[in-house]
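Trainee: okay, here's the prediction I keep looking at, along with the sequence it came from:
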Amino acid sequence: MSPESGGIDVFIGTVRNATKGKNVIRLEFEAYEPMAIAEMEKIANQAFEKWPVQKVLIHHRTGVLDVGEVPVVIAVSAAHRAAAFDACRYIIDTLKQTVPIWKKEIFEDGEVWVAAHP
Amino acid sequence: MNIKILAFGIAKDIFGGTSVNLELANDATVYNLKYILEQQYPRLKQLASYMVAVNNEYALPGDNLHERDEIAIIPPVSGG
């Protein structure tokens, strides 16, 4: 918290228990770590260029996560809420497109690498 | 030249390991690499898409490859 900050927007991603009606048991996350960090830094810098934000936090876990656990947290502070909301949304949306992290959904009858196939 | 290609996500399943080694012409490009990989591992072509990263940066098809480059196959990402 800094005195100039008027608001902090926090996005907390959580593991859902179902996908397209199928029961999800757990998720397994994997990252190409050095490049993932580099891409996250690029996204943070883009947020600073696009909006008058003060602080940006991007946190992503890897490994096995059970339903309800938290794989990703994004937090953005700014003098005014609009910038914080917009930047936070941009960061999580862009992270899902460019950061080399992959998740495998584990079902009762099998597992799927998300987004791998059309 | 001999190059090592790192694999992640579903690419690990397709390659049957975390990396593969390939012998390429010295002036090989990313395009050439993808062509050869798809011949040896046809399942790559069934992916929605995939990228190639060179030294932690997404590469373009025309980019040249070098023996000391860190090269990785990036299947569709699904973080978050």
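Mentor: Done, it's in.
Trainee: hey, where'd the strands end up in chain A?
Mentor: A:7-13, A:18-19, A:22-31, A:53-60, A:63-66, A:72-78, A:101-107, A:110-113 (DSSP state E).
Trainee: counting contacts, what elements does the fifth one pack onto?
Mentor: Packing partners of strand A:63-66 (3 or more Cβ pairs under 8 Å, 6 or more residues apart in numbering or on different chains; DSSP states H and E): strand A:22-31. All C-beta atoms are positioned from the backbone trio N, CA, C, and that covers glycine.
Trainee: quick one: buried residues of the strand it packs on?
Mentor: For strand A:22-31, burial by neighbour count (16 or more other Cβ atoms under 10 Å in any protein chain shown) applies to A:24, A:26, A:27, A:29, A:30, A:31.
Trainee: reformat those residues as a markdown table; add distance to residue A:107 and pLDDT.
Mentor: Shown next, in a markdown table, are the buried residues of strand A:22-31 (distance: Cβ to Cβ, whole Å; pLDDT from 0 to 100):
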| residue | distance to residue A:107 | pLDDT |
| --- | --- | --- |
| A:24 | 6 | 97 |
| A:26 | 10 | 97 |
| A:27 | 11 | 98 |
| A:29 | 16 | 98 |
| A:30 | 18 | 98 |
| A:31 | 22 | 98 |
